[in-house]
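>>> What follows is a predicted protein model with its sequence.
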Amino acid sequence: MDTVVKKTFPVTGMSCASCAISIESMLKAQPGVVKAGVNFANSTALVEYKQDDTKPEDLKKAIQSIGYDIVIEESPDVSDTLEALQKKAHATLRTNTILAIAFSIPIIIIGMFAMNVPYANYIMWALATPVVMVFGRQFFIGAWKQAKHGSANMDTLVALSTGIAYLFSVFNVIYPQFWTNKHLEAHVYFEASSAVIAFILLGKLLEEGAKANTSSAIKKLMGLQPKTVIKIDEQGNEQITPISQVVINDILLVKPGEKIAVDGIVTKGNSYVDESMISGEPVPVGKKEGTKIFAGTINQKGSFQYKAEKVGSDTLLAQIIKMVRDAQGSKAPVQKLVDKVAGIFVPVVIAIALVSLIAWIIWGGDNGFTHGLLAMVTVLVIACPCALGLATPTAIMVGVGKGAEMGILIKDAESLEVAHKVDTIVFDKTGTITEGHPEVTDIVWKNGADRHLLSSILYSIEAQSEHPLAEAVTRYLKNENADSVLIHSFDSLTGKGV
């Protein structure tokens, strides 16, 4: 029987929701692919495929053939490299947006209020050229990539609209007599081409900011895992080792307050561990020899040694991170409808734009071509901001991400969509709906007892214990102004008390 593998791959080169649909169609067409979903909002492809029929390398080649790429490497440095690339791309986008806006403002002012200034057309041409050719080049590069593979996306709409407006204006500046000989005015539309690019770049910048914020939940989950561990070698020496070098059966030491690096089993010592990030249980859990522990949980006061049982992507924390990632990349039923619309959106828009041009040329009279050209550019421009294809996946990402941040794990987008029908929630953890830590409310002493003395003795005994309930008692007695007294022969028996 073929083994079906479910994997999430980061995707690069997408610029809109219809790009995601092109990649998804290509993945689904590959032999051995059972299911594929591409999420534009978090730039990932979730693929289920039969290991015997296809390999990640085959999927990568297929995606590269249509002008995009997927990252199939799984080394720990890949996510850092991707993050660095995203930061660089964001910085470039920010610079291009600021410069495009700065150059577009004077063009709009001249185009609307100062057309009679000497050399106005040449000034606008000089300012619009860097906006179209340099700051907006990503749209033209994207459109060319798509055209080479016989497809179209949002970049195609932006490149067509701004490119046509720009070239038409350049023609009118160089050869105005083409129109003046026909007793028509040679209009230029440099402000339209540059303003559209500036606005769409601004939209993309805001969109990238929203996408970056939604991935913060996964970053927080990843932050639960330490980068280095203390490894005990065969001679009993302590060595600081990167977490990537930890293998199964290594003996590791965890000190008070440190995070546990991998799943394992306690071999020596005892302590209490805060497992709230895994189980939701707020009260630290006692750990002694033979007890299981999990990556990402926090050791409290004691220190102990443990044997690594699950490392890397096999740990419970890694599985939770993967589950949140998969959920963020999954598609809600409503999105299937959105995808169908987005898939035919670009060709339909181009068709409408061409019909507008032809209709004006046929029935528009003397200025038919000019008006038709403007109508065509307008249709293409208005269709550019692809809110339709971005809104649903972004909403899913934000929903699942916010849930994970609050400690609520959502299985997939479908669960999120049907969650509004929930009318009853059953809790099995007290800390979920209470304070999350034990609290002493009252102490009742026997009549005639010296309350202050007994409070001080109890306070001093409990202060030496690591038990979470002892902590609640000391907190209460401290507020009651109990004094510290000297305690001899203190011993704490695990599970039995002081």
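Thanks, I have the structure now.

>>> Distance of residue 4 relative to residue 70?
Residue 4 sits 19 Å away from residue 70, going by Cβ to Cβ, to the nearest Å. The C-beta positions use only the backbone N, C-alpha and C, and glycine is treated the same way.

>>> nope, residue 179 is what I meant
Taking Cβ to Cβ, one finds residue 179 at 50 Å from residue 70.

>>> and if you look at residue 105?
39 Å.

>>> Kindly report the domain assignment for this protein.
4-69, 80-218+334-399, 226-314, 438-498 (automatic domain parsing).

>>> Quick check: which of those is nearest to residue 422?
Residue 422 sits nearest to domain 80-218+334-399 of all the domains of the chain, at 13.8 Å, using Cβ to Cβ.

>>> So, low pLDDT: which residues of the stretch 1-150 of the chain?
The model of the stretch 1-150 of the chain has pLDDT under 70 over residues 1, 75-80.

>>> all strands for it, in order.
4-12, 33-39, 44-50, 69-70 (DSSP state E, counting those that start in this stretch).

>>> what about residue 105 and residue 70, which has more around it?
residue 70 (22 against 15; other Cβ atoms under 10 Å).

>>> Excluding sequence neighbours, find me the nearest residue to that one.
Of all residues not flanking residue 70 in the chain, residue 9 sits nearest, at 4.3 Å (Cβ to Cβ, 6 or more residues apart in numbering).

>>> What's the local residue count around the one you found?
When neighbours are counted by other Cβ under 10 Å, residue 9 comes out with 22.

>>> Use 37 as the first number for this chain going forward.
Got it, first residue is 37 now, which makes that one residue 45.

>>> isn't it right next to residue 104, touching?
No. Using Cβ atoms under 8 Å, residue 45 is not in contact with residue 104, being 11.1 Å away.

>>> so after the host helix or strand of residue 191, what's the next helix or strand?
Taking DSSP states H and E as the definition, residue 191 sits inside helix 190-210. Using DSSP H and E, the helix or strand that follows helix 190-210 towards the C-terminus is helix 213-216.

>>> What is that next one packed up against?
With contacts defined as 3 or more Cβ pairs under 8 Å, 6 or more residues apart in numbering; DSSP states H and E, helix 213-216 has these neighbours: helix 190-210.

>>> what distance separates the helix it packs on from the centre of its chain?
Offset of helix 190-210 from its chain centre (Cα atoms, centre = their mean, to the nearest Å): 34 Å.

>>> Which positions within that helix qualify as buried?
190-202, 204-206, 208 (16 or more other Cβ atoms under 10 Å).

>>> Ok, stretch 42-49 next?
Here stretch 42-49 shows 44, 45, 46, 47, 49 as buried, counting by 16+ other Cβ under 10 Å.

>>> between these, which is closest to residue 276?
When the buried residues of stretch 42-49 are compared against residue 276 (criterion: Cβ to Cβ), the nearest one is residue 46, at 30.5 Å.

>>> Just give the closest residue to that closest one, not the sequence neighbours.
residue 107 (4.4 Å).

>>> hang on, isn't the one you found packed against residue 45?
Yes. Checked against Cβ under 8 Å, the pair residue 107 and residue 45 is within contact range at 6.1 Å.

>>> who's in contact with residue 491?
Counting by Cβ atoms under 8 Å, 6 or more residues apart in numbering, residue 491 touches 479, 513, 516, 518.

>>> go with 6 Å
513, 516, 518 (Cβ atoms under 6 Å, 6 or more residues apart in numbering).

>>> nearest to residue 78, of those?
residue 513 (50.0 Å).

>>> Which secondary structure element is home to the residue nearest to that closest one when sequence neighbours are not counted?
Excluding the flanking residues, the one nearest residue 513 by Cβ to Cβ, 6+ apart is residue 495, at 4.1 Å. Element membership for residue 495, per DSSP H and E: helix 487-499.

>>> can you check residue 439 too?
helix 423-441.

>>> So which bits of that helix are buried?
Residues 424-426, 428-437, 439-440 are the ones in helix 423-441 that count as buried (16+ other Cβ under 10 Å).

>>> Identify each buried residue in the one helix or strand residue 245 maps to, please.
Assigned by DSSP H and E, residue 245 belongs to helix 226-250. Residues of helix 226-250 classed as buried by neighbour count (16+ other Cβ under 10 Å): 226-237, 239-241, 243, 247, 250.

>>> And the closest residue to residue 310 other than its chain neighbours, how close does it get to residue 514?
Excluding the flanking residues, the one nearest residue 310 by Cβ to Cβ, 6+ apart is residue 334, at 4.4 Å. Distance of residue 334 to residue 514, computed by Cβ to Cβ: 23 Å.
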